[in-house]
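Q: sharing a model that was predicted from the sequence below.
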Amino acid sequence: MARLKVNPTRMQMTLLRSRLKTATRGHKLLKDKQDELMRRFIELIRENKRLRMSVEEELKDSFEDFLMTSALMSPQMIKQALAMPKTKVSVDIQSRNIMSVNIPEMEFIYTDQSGGEGEASIYPYGYAQTSAELDDAIEKLHTTMEKLLKLAAMEKAGQLMADEIEKTRRRVNALEYRTIPDLEETIKYIRMKLDENERATITRLMKVKDIIAKEA
Amino acid sequence: MYKVAVVGDKDSVLVFKALGIDVLTPTSPDEIRRVIDDLARDQYGVIFITEQLASLVPETIARYDDEMIPAVILIPSNQGTLNIGMDRIDRSVEKAVGSNIL
């Protein structure tokens, strides 16, 4: 541990003492933050893995159907069928603060573009010239979308939290293994030095007193 | 209000178009990079990209990791999953905890 380069004076010691107090308090708070972040992170990641597994499964299903469609219909037909979607999807993102990490919360907003009354159908085409597999693919995808968005929000949250945990851990370690020991050692050094000075003064005084007594 | 986009090969992601999601189908790494950067700048909140394409431009994907918006999320394509999505989760666990504990 390196001693800080300071003058061994009483004033410096008071200063360093208050810095040590702040550092210790900061260390405790950061440690608590790290523990709580970690707890939430682990929870989130477990859920995230489960969700990703099921989403990947469902997407695979939908893609398989779409692959069948590609085999049954000509590319131009597919393109034409999907050219004019009836709905438009946008996403509303609010940020939520968990332990000073901004975590996104996402929500789909469907806007009907057909202008018709009532619930718009998710199929943007007439059924005459398309295959049933295309309907299946779209329906499966439609039901997966909510999950997919949840996955998106969760995965982003995971990344952001991992980042913050890493940062916090570095800070905690820096305080624990660097700042606090350094301060403690420097304070000890100053105290020793001051005590030594005091003893030197006392000895000197006694010596002086002796000399004066002898001369008198 | 943010938009949603899907980036992938045509055979996999064209079906997303039916639900009103913007579909982009770049092929070369340069194109993919440009498409992702353009989307990120252009008010897109969520970008889904197939793992096949993402594996070509890992550093572009990583660039958006520590920003809240956009969320770049990997999805499997019709050739199945390459497990990059799962790997990314594992990687963030390693980053946070120091070792993979799950």
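A: That came in fine, so what should we check first?
Q: what's the lowest-mean-pLDDT helix or strand in chain B packed up against?
A: Lowest by mean pLDDT, DSSP states H and E among the helices and strands of chain B is helix B:10-13, with a mean of 82. Counting contacts by 3 or more CB pairs under 8 Å, 6 or more residues apart in numbering or on different chains; DSSP states H and E, helix B:10-13 packs against helix A:10-72, strand B:44-50. In this view, the C-beta of every residue, glycine as well, is placed from N, C-alpha and C.
Q: list of residues touching whichever helix or strand comes after that helix?
A: Downstream of helix B:10-13, the first helix or strand assigned by DSSP states H and E is strand B:22-24. Under the contact criterion CB atoms under 8 Å, 6 or more residues apart in numbering or on different chains, strand B:22-24 has outside partners B:3-8, B:13-14, B:16-17, B:35, B:39, B:44.
Q: so which of these is the closest to chain A?
A: residue B:17 (4.4 Å; CB to the nearest CB).
Q: my guess is that closest one meets residue A:84, correct?
A: No - using CB atoms under 8 Å, residue B:17 is not in contact with residue A:84; the gap is 9.4 Å.
Q: these two: who's more crowded?
A: residue B:17 (20 against 13; other CB atoms under 10 Å in any protein chain shown).
Q: so how far is residue A:78 from the more buried one?
A: 10 Å (CB to CB, to the nearest Å).
Q: is the stretch of helix or strand residue B:36 belongs to positioned near chain A?
A: Element membership of residue B:36, judged by DSSP H and E, is helix B:29-41. No - judged by CB under 8 Å from any CB of the partner chain, helix B:29-41 and chain A are separated, with a smallest distance of 13.0 Å.
Q: what helices or strands is that helix leaning on?
A: strand B:2-7, strand B:44-50, helix B:58-63.
Q: note down every partner strand of the longest one and its orientation.
A: In this case it means strand B:44-50. Using DSSP bridges, strand B:44-50 pairs in its sheet with strand B:2-7 (parallel), strand B:71-75 (parallel).
Q: tell me which of these sits most buried.
A: Of all these, strand B:71-75 has the most neighbours on average by mean count of other CB atoms under 10 Å in any protein chain shown, namely a mean of 26.
Q: list the contacts of residue B:101.
A: Per CB under 8 Å, 6+ apart, neighbours of residue B:101: A:42, B:93.
Q: check what pLDDT it gets.
A: You'll see residue B:101 listed with a pLDDT of 72.
Q: same check on residue A:117?
A: 48.
Q: quick check: the gap between residue A:202 and residue A:213.
A: Residue A:202 is 16 Å from residue A:213, by CB to CB.
Q: low pLDDT regions in chain A?
A: A:1, A:112-122 (pLDDT under 70).
Q: wasn't residue A:188 part of a helix?
A: Yes - per DSSP: H, G, I helix; E, B strand; the rest coil, residue A:188 lies within a helix segment.
Q: burial check on it, number of neighbours?
A: 12.
Q: cool, the one 3 residues further on as well?
A: Per other CB under 10 Å, the neighbour tally for residue A:191 reads 13.
Q: any idea how far the helix or strand hosting it is from the chain center?
A: Counting by DSSP H and E, the element that carries residue A:191 is helix A:180-215. Centroid separation for helix A:180-215 versus its chain: 52 Å, with CA atoms, centre = their mean, to the nearest Å.
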